[in-house]
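Colleague: give me the fold of what follows.
(chains A, B, C and D)
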Number of protein chains: 2
Amino acid sequence: MAERPSFDLITLIAASIRRERERAGLSLTELAKRAGIAKSTLSQLESGVGNPSVETLWALGVALGVPFSRLVDPPRPAVRVIRAGEGPATYSEQASYSATLLASCPPHARRDLYRISAQPGRPRTSDPHMAGTVEHLLIGTGRALAGPAEEPVELGPGDYIAYPGDAPHVFEALEPDTTAVIVMEHI
Amino acid sequence: MAERPSFDLITLIAASIRRERERAGLSLTELAKRAGIAKSTLSQLESGVGNPSVETLWALGVALGVPFSRLVDPPRPAVRVIRAGEGPATYSEQASYSATLLASCPPHARRDLYRISAQPGRPRTSDPHMAGTVEHLLIGTGRALAGPAEEPVELGPGDYIAYPGDAPHVFEALEPDTTAVIVMEHI
DNA sequence: TCCGTTTGTTCGACTTGACGAACACCGCCG
DNA sequence: CGGCGGTGTTCGTCAAGTCGAACAAACGGA
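Modeller: I've put the predicted structure just below:
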């Protein structure tokens, strides 16, 4: 019985599979063969009947070349613009550092985008986030000392660094008006 | 047969469930109750036995408050640094535009990070990517006209825009040395 | 100590997903 | 036209996931 997922999960998966299959230009028969499942099973799944096992769904994801999450998470998007200076910003420590959340993906956030603007001063250390997160940092202007708290790296304009977000990490602007982008990836 | 996922998917899920459950500080009994599944089922799943249905796994993901992908995708990461000018770059159109792939997440890529450096010239139009992708664009320096091909937006330093990547879109630098970051999100 | 609660386990019965064959349908070519 | 290769469907059978109860073990209090 489980929790009826309020919106019909099965129907969603059915639509996703069909959509991805047609996008890939595969016939139902062909996809079933590639995924190693019976075409009858696939037919029923696309009809919104049944409740596939993870292995079945995984095999379909592999055969379709899509991340599998694509098959269970709902569709989306649109166009958004956030002008410099706009958007919800969080400031800290004498305004020497500000982060603006540009994008998050409720309800099942998987990747947040932050715009960073910082001034030289005390380094900003962040406590570990949820396990499994990765932070991607790209310097726009200025210089910064950033990365894992125990071994930060000095970065200049255009430099990029990725590091575990589930461990203590730091960001310290070395020049005035240092800007950066942080992609916080929640896996 | 499917593609045997080379690494044991079931075992992975088993470990993930147990890990997330303990992280949430829930007992097996409690979690089973919240997820609305039999605790025997949960017990078997954590033992690496069986092949749960998506509804079962979904219910667990909801009860655990995790994105569900967390339960099926493997762990990870490390620290990477790509200096400005380094990294694989793709150039186009008289080098007026260059994109550097900073991060992708094989085997199940979900989000690619590009560093863009462009000069004024012919606008660069991109054909639609895989269905469901979203592009996040953040201007670092300079100005650009970017967004959906049919209605691009003029952007300045720090401006942010998100738009569907599965529809034609464009990027045109309006000033010399226009830099930007693109997060290509594959859902 | 005994009792109650909670832990996670194992067991039989029921339900259901996955399979493969047989099916109807369509387009094509001889 | 009649056969052929392709589409996606339905159906009966078997295997397997799910359930609920009964279970042993560990903990806490009276």
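Colleague: whatever residue of chain A ends up closest to DNA strand C: what secondary structure?
Modeller: Per CB to the nearest atom of the strand, A:Ser40 is where chain A lies closest to DNA strand C, at 2.8 Å. To be clear about C-beta, it is placed using only N, CA and C from the backbone, and glycine gets the same treatment. A:Ser40 falls in the helix class when you classify it by DSSP: H, G, I helix; E, B strand; the rest coil.
Colleague: how close does it get to A:Asp8?
Modeller: 22 Å (CB to CB, to the nearest Å).
Colleague: got any ranges where chain A has weak pLDDT?
Modeller: A:1-7, A:73-113, A:122-133, A:185-187 (pLDDT under 70).
Colleague: near DNA strand C, which residues of it?
Modeller: A:36-41, A:44-45, A:49-53, A:55-56 (CB under 7 Å from any atom of the strand).
Colleague: quick one: which two of the residues you listed are the most distant?
Modeller: A:Gly36 and A:Val49 (20.1 Å; CB to CB).
Colleague: show me the contacts for A:Lys33.
Modeller: A:Lys39 (CB atoms under 8 Å, 6 or more residues apart in numbering or on different chains).
Colleague: redo that, cut-off 10 Å
Modeller: A:26-27, A:39, A:42, A:63 (CB atoms under 10 Å, 6 or more residues apart in numbering or on different chains).
Colleague: go on, A:Gly147?
Modeller: A:135, A:137, A:153-155, A:161-164, A:169-171, B:79, B:81.
Colleague: for stretch A:157-175, measure first residue to last.
Modeller: For stretch A:157-175, the first-to-last residue distance is 11 Å (CA to CA, to the nearest Å).
Colleague: and that stretch, which residues are buried?
Modeller: Across stretch A:157-175, burial judged by 16 or more other CB atoms under 10 Å in any protein chain shown covers A:157-167, A:169-174.
Colleague: for stretch A:137-157, same thing?
Modeller: A:137-144, A:146-148, A:152, A:155, A:157.
Colleague: which stretches in chain A count as strands?
Modeller: For chain A, the strands defined by DSSP state E occupy A:80-82, A:89-92, A:97-103, A:111-118, A:124-126, A:134-141, A:144-148, A:153-155, A:160-164, A:169-173, A:178-185.
Colleague: longest helix in chain A, please.
Modeller: helix A:9-23 (DSSP state H).
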